[in-house]
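K.L.:
show me the folded form of this:
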Amino acid sequence: MFTIYQYYAILKASREIRNIVPRNTFLQENALMDQIKSELSASVYAERKPYFQLNAEKFLDSVKNNTAPFLMDVPVPLQEDTQSLIMRSAAVRSAETGRVFRGTNQLLAQIALKEMASDITEPDTAIITYQQAKNHGTFIKKGSPHFTLTSYDAETKKSTAYRYFPVSAVADERKLPLPPDWNTGFPFDITIKCTDTDPEKYLGKYLAAAALCAPFETDMKTMRAFKENLEKDLEKSFAEGRHTRVFELGNKASEICRDTLRDMGNEFRENKHRTHEPVEQTKAPERRQSRESGYAR
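P.N.:
Predicted coordinates for the structure are as follows:
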């Protein structure tokens with residue numbers, strides 16, 4: 001493969017010999033240049049991966065490195081099969097609409113925000129695009145970290161990439177819409193437990209817990225088996241060139257998340273109706289306040 005600099009050097013040299021070589025030799029040079037252009041184009045395309053593929057690879061890396069928010073890095077001496085593990089993450093929302101991101105994009109946003117957080121600050125739970133901030137009369141502070149999420153249009157069969165910033169990157173958060181009401185109507189002390197090692201079911205339960213900002217409880221044996229199953233699934237799919245597999249898993253996990261929340265809601269309402277007793281409801285979790293803007297995040 002030729003680099004772009006090698007290509008231009010060869011192109012310049014070929015122009016310099018135009019006037020001193022026979023025509024048939026120059027035609028051969030043109031054929032050579034066409035080959036060079038073809039190889040260069042293929043090389044550039046190979047180096048430029050689509051965003052959805054980069055995100056898929058980043059997702060797998062976070063699983064292998066145990067840095068994904070749905071995994072816990074437990075010291076080896078404490079890795080007992082029956083050990084209970086409790087994780088708690090708040091769902092990432094749009095700072096403009098308040099809507100929760102779903103599926104794989106929700107997990108990718110959590111991974112990115114976790115990487116951006118420092119040792120003394122908690123990850124943001126709201127994100128925004130440059131244009132959304134501009135629409136509300138403010139802007140993104142220069143040098144702010146960002147990450148990319150993608151959406152897929154089934155009708156046009158096209159993927160679109162969007163650059164997101166944590167809400168703390170906004171210059172004046174007071175101009176943004178107020179955050180949504182976090183009262184979910186569920187009991188305050190609710191915990192979502194998971195003993196499934198199937199990637200779709202495990203991630204679905206985790207997404208449900210994040211949507212409620214509730215603890216997600218599993219055990220060491222379950223988490224280890226889930227991680228192994230997920231790695232094998234994605235590595236096999238990536239080797240076959242199917243990087244969209246990670247988004248298929250996310251879509252199915254979203255369905256399980258929705259069904260889990262629906263079943264929990266039905267059970268909660270039935271119990272409340274049966275006992276006729278008032279039940280303490282979920283309160284908005286304590287979130288740090290920006291001293292300058294007062295915007296909770």
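K.L.:
domain assignment for the protein?
P.N.:
Following automatic domain parsing, the chain resolves into domains at 4-47, 51-275.
K.L.:
let me see the mean pLDDT of the last one.
P.N.:
The reference is to domain 51-275. Average pLDDT, domain 51-275: 90.
K.L.:
highest mean neighbour count out of the domains of the chain?
P.N.:
Mean neighbour count (mean count of other C-beta atoms under 10 Å) peaks for domain 51-275 among the domains of the chain, with a mean of 17. Bear in mind the C-beta positions are built from the backbone N, C-alpha and C, glycine included.
K.L.:
hey, C-alpha coordinates of stretch 57-65 in PDB?
P.N.:
What follows is stretch 57-65, C-alpha atoms only, in PDB (Å, rounded to 0.1, in the frame of the first residue of the first chain):
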ATOM      1  CA  GLU A  57     -15.000  -2.400  19.100                       C
ATOM      2  CA  LYS A  58     -14.900   0.100  22.000                       C
ATOM      3  CA  PHE A  59     -17.800  -1.800  23.600                       C
ATOM      4  CA  LEU A  60     -15.900  -5.100  23.400                       C
ATOM      5  CA  ASP A  61     -12.700  -3.500  24.700                       C
ATOM      6  CA  SER A  62     -14.600  -2.300  27.800                       C
ATOM      7  CA  VAL A  63     -15.900  -5.800  28.400                       C
ATOM      8  CA  LYS A  64     -12.500  -7.400  28.100                       C
ATOM      9  CA  ASN A  65     -10.900  -4.700  30.300                       C
END
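K.L.:
ok now that stretch, how far from the chain's centre?
P.N.:
Offset of stretch 57-65 from its chain centre (C-alpha atoms, centre = their mean, to the nearest Å): 11 Å.
K.L.:
equivalent analysis for stretch 217-236, please.
P.N.:
The chain centre lies 18 Å from the centre of stretch 217-236; the measure is C-alpha atoms, centre = their mean.
K.L.:
what does it contact?
P.N.:
56, 59-60, 63-64, 66, 71-72, 74, 79-86, 191-199, 202, 245-246, 249 (C-beta atoms under 8 Å, 6 or more residues apart in numbering).
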